[in-house]
Each structure stands twice: as structure tokens, then as C-alpha cells.
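Enquirer: Just to be clear, the model below is a prediction. Sequence and coordinates:
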Amino acid sequence: MIVPVECDYMSRTATFEVFRDNAGEWRWRLVAGNGKIIADSGEGYRSKQGVQRGIDSVKRSATNANVQFVTDT
């Protein structure tokens with residue numbers, strides 16, 4: 001399953017790629033228009049519905065996400 005998502009800051013469309021890992025769980029990765037992976041699920045999901053909910057959550061949350069620079073202490 002490949003779900004395209006438009007990104008204003010990129011000249012091409014980024015794509016959520018959905019795949020099964022070696023443990024048989026579903027995962028996603030967000031691939032930029034230049035082919036580089038820019039984000040991933042960080043966890044496996046038992047079902048396609050679960051991985052879709054994870055993608056939907058990222059799409060909703062990232063729209064209004066703040067940027068916080070963290071410095072070493």
C-alpha cells in the first residue's frame with residue numbers, strides 16, 4: 001500500500017510506504033520525493049488498520065507540530 005501525501009516544502013510528492021517487517025508486523029516509512037527516508041513508524045503494527053491509524057495520526061499531528069531545538073547540557 002502506498003499513500004501519497006503532498007508536502008509544501010518539497011518539489012515532489014512524499015509517499016508513505018507500508019510494508020511487513022521480518023517479524024510479520026506492519027510498518028510505514030515516509031519517503032521524500034528524492035527517495036530519502038525522512039521518517040518511519042518506529043514500531044510495528046499487528047494489522048493494516050493499525051498501521052493506517054498510525055499514518056493518519058502522523059498526518060494530523062505534523063500539520064501543527066512545533067519545532068523545538070534541544071541542546072546538550
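Expert: Sure, I can see it.

Enquirer: pLDDT on stretch 24-41, on average?
Expert: Average pLDDT, stretch 24-41: 97.

Enquirer: Any buried residues in it, and which?
Expert: Neighbour-count burial for stretch 24-41, with 16 or more other CB atoms under 10 Å as criterion, is recorded at 25, 26, 27, 28, 30, 31, 32, 41. Quick note: C-beta positions are derived from backbone N, CA and C, even for glycine.

Enquirer: What ranges does this protein have for its helices?
Expert: 48-63 (DSSP state H).

Enquirer: Point to the residue nearest the middle of it.
Expert: residue 30 (4.0 Å; CA atoms, centre = their mean).

Enquirer: Which residue is the nearest non-sequential neighbour of it?
Expert: Leaving aside its sequence neighbours, residue 30 sits nearest to residue 39 (CB to CB, 6 or more residues apart in numbering; 4.1 Å).

Enquirer: And the strands in the chain?
Expert: Here the chain has its strands, by DSSP state E, at 2-5, 14-20, 26-31, 37-40.

Enquirer: For the second one, name the packing helices and strands.
Expert: Counting contacts by 3 or more CB pairs under 8 Å, 6 or more residues apart in numbering; DSSP states H and E, strand 14-20 packs against strand 2-5, strand 26-31, helix 48-63.

Enquirer: The closest residue to residue 26 other than its chain neighbours: neighbour count?
Expert: If the residues on either side of it in the chain are set aside, residue 26 comes closest to residue 51, at 4.0 Å by CB to CB, 6+ apart. Using other CB atoms under 10 Å, residue 51 has 23 neighbouring residues.
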